[in-house]
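Colleague: Kindly return the folded structure for what I paste below:
(one chain, ligands or ions: 1)
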Amino acid sequence: MCIALFAVVVLVGWYLWEKKQRITHSMPGGLRADLTIDHTQEWELYHNDFSLCSKKTRVCMAELGIRYRAHHIDLIETGSYQNLSAWYLRANPAGILPLLVHNGHPIFESHEQILYAASQAETTNLLIPTGAHERAVMDHWVHKSSLLGDDPISGMRETAGNAVPGLTLPIFATMIDQVAWSKILVGLLFHRAKLRPLMFLRMKSLGSDNLATEKRMVGVIRKSRAAMHVHFDELERELLSSVGDWIVGDQFTLADVGMMVIIERLAEVDWLGEFLTNRPQSTAYWQSLQARASYQEGIADHRHPAVVDGLAKVVRLKKENPRFYEALVGSA
Ligand SMILES: N[C@@H](CCC(=O)N[C@@H](CS)C(=O)NCC(=O)O)C(=O)O
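Modeller: The predicted structure is shown next:
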């Protein structure tokens, strides 16, 4: 009895102490010139190989030719909640990636980071068109490709970025199969947005083989899939009316940076074929995107082994587990 009580006191003490080290709160997007983070280089980027928004900022930096010091931070999908470690939370109390730092000042939210970085480029108007109409089109697609809010699943109709997490659930499940329970529980204790670790815990307890038995997850996958088709219809129309290869005519802009990572994520999780079928403009666009040097530098050079293994399992489950297949690609 005494030992049990002592253990409880120690555990609660540990938790309260740890919680004090890990202050979390949301951070509005944009530059915070009033904050300074330890740095050794003009540009530094805290990112994760697999993270959608990190890819966006990496591609943007590659397009701009801006060199930066990279800090790879694990997310639970790639092995641990390094994004919730006390030292990372001191830099970004929101506990999310990416975090861009310029001369020591943090810039929060990837859609703000790309705008900020482009505004600092030595060549003016690189990635940002000058005409008002062109700028409006670009802004629309930068928004469309953004992942907004703490609950990434709501808002899937508004942005293609928010339709991505639902379609990433299958690979999240196969990746989380490989992660120890104790590591996932860290999220429950310290994550600001509890919905996210709760979703991973549920997937861990089910196991990816049984993902299709969870009606709510299947519902999210189907809604995300339907929403993504609507976003692709709009993309197809936009590309058809464009006078060049890119969303804003002949100029490669931040709109293309944003959509590159959305389309690539669908390829990465073995879902792209369905979205390119009968969409010739989007198919050609995807070919052009992959030919960019920034695609290689910002995306292809960052293939994480956990993603490679996770994808192999998704592909196998689709073949071998009819329920899994139905949950993913069955009628909506
Ligand atoms: N709106 C944010 C979204 C950032 C975000 O949700 N990042 C994910 C990876 S793509 C993350 O850090 N997740 C960590 C977690 O929730 O534990 C942005 O655009 O930067």
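Colleague: gap between the two ends of stretch 39-48?
Modeller: Distance between the boundary residues of stretch 39-48 (CA to CA, to the nearest Å) amounts to 18 Å.
Colleague: Same check on stretch 23-31?
Modeller: End to end - CA to CA - stretch 23-31 spans 20 Å.
Colleague: residues of it that come out buried?
Modeller: Within stretch 23-31, the residues that qualify as buried by neighbour count (16 or more other CB atoms under 10 Å) are Thr24, Met27, Gly29, Leu31. (Each C-beta comes from the backbone N, C-alpha and C, glycine too.)
Colleague: again, but for stretch 318-330
Modeller: Buried residues in stretch 318-330, counting neighbours by 16+ other CB under 10 Å, are found at Lys318, Asn321, Phe324, Ala327, Leu328.
Colleague: will you turn those into a markdown table that also has pLDDT and secondary structure?
Modeller: Listed next are the buried residues of stretch 318-330 as a markdown table, based on pLDDT from 0 to 100; DSSP: H, G, I helix; E, B strand; the rest coil:
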| residue | pLDDT | secondary structure |
| --- | --- | --- |
| Lys318 | 94 | helix |
| Asn321 | 93 | coil |
| Phe324 | 92 | helix |
| Ala327 | 88 | helix |
| Leu328 | 88 | helix |
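Colleague: which bits of this protein sit near the ligand?
Modeller: Contact residues (CB under 6 Å from any ligand atom) of the chain with the ligand: 51-53, 75, 83, 96-97, 109-111, 146-148, 196.
Colleague: want to throw those residues into JSON lines with secondary structure, pLDDT and neighbour count?
Modeller: Formatted as JSON lines, the entries for these read as follows, by DSSP: H, G, I helix; E, B strand; the rest coil; pLDDT from 0 to 100; neighbours: other CB atoms under 10 Å:
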{"residue": "Ser51", "secondary structure": "coil", "pLDDT": "98", "neighbour count": "25"}
{"residue": "Leu52", "secondary structure": "helix", "pLDDT": "98", "neighbour count": "22"}
{"residue": "Cys53", "secondary structure": "helix", "pLDDT": "98", "neighbour count": "24"}
{"residue": "Leu75", "secondary structure": "coil", "pLDDT": "98", "neighbour count": "25"}
{"residue": "Asn83", "secondary structure": "helix", "pLDDT": "98", "neighbour count": "23"}
{"residue": "Ile96", "secondary structure": "coil", "pLDDT": "97", "neighbour count": "28"}
{"residue": "Leu97", "secondary structure": "coil", "pLDDT": "98", "neighbour count": "25"}
{"residue": "Glu109", "secondary structure": "coil", "pLDDT": "98", "neighbour count": "23"}
{"residue": "Ser110", "secondary structure": "helix", "pLDDT": "98", "neighbour count": "32"}
{"residue": "His111", "secondary structure": "helix", "pLDDT": "98", "neighbour count": "24"}
{"residue": "Ser146", "secondary structure": "coil", "pLDDT": "97", "neighbour count": "24"}
{"residue": "Leu147", "secondary structure": "coil", "pLDDT": "96", "neighbour count": "24"}
{"residue": "Leu148", "secondary structure": "coil", "pLDDT": "95", "neighbour count": "16"}
{"residue": "Arg196", "secondary structure": "helix", "pLDDT": "92", "neighbour count": "21"}
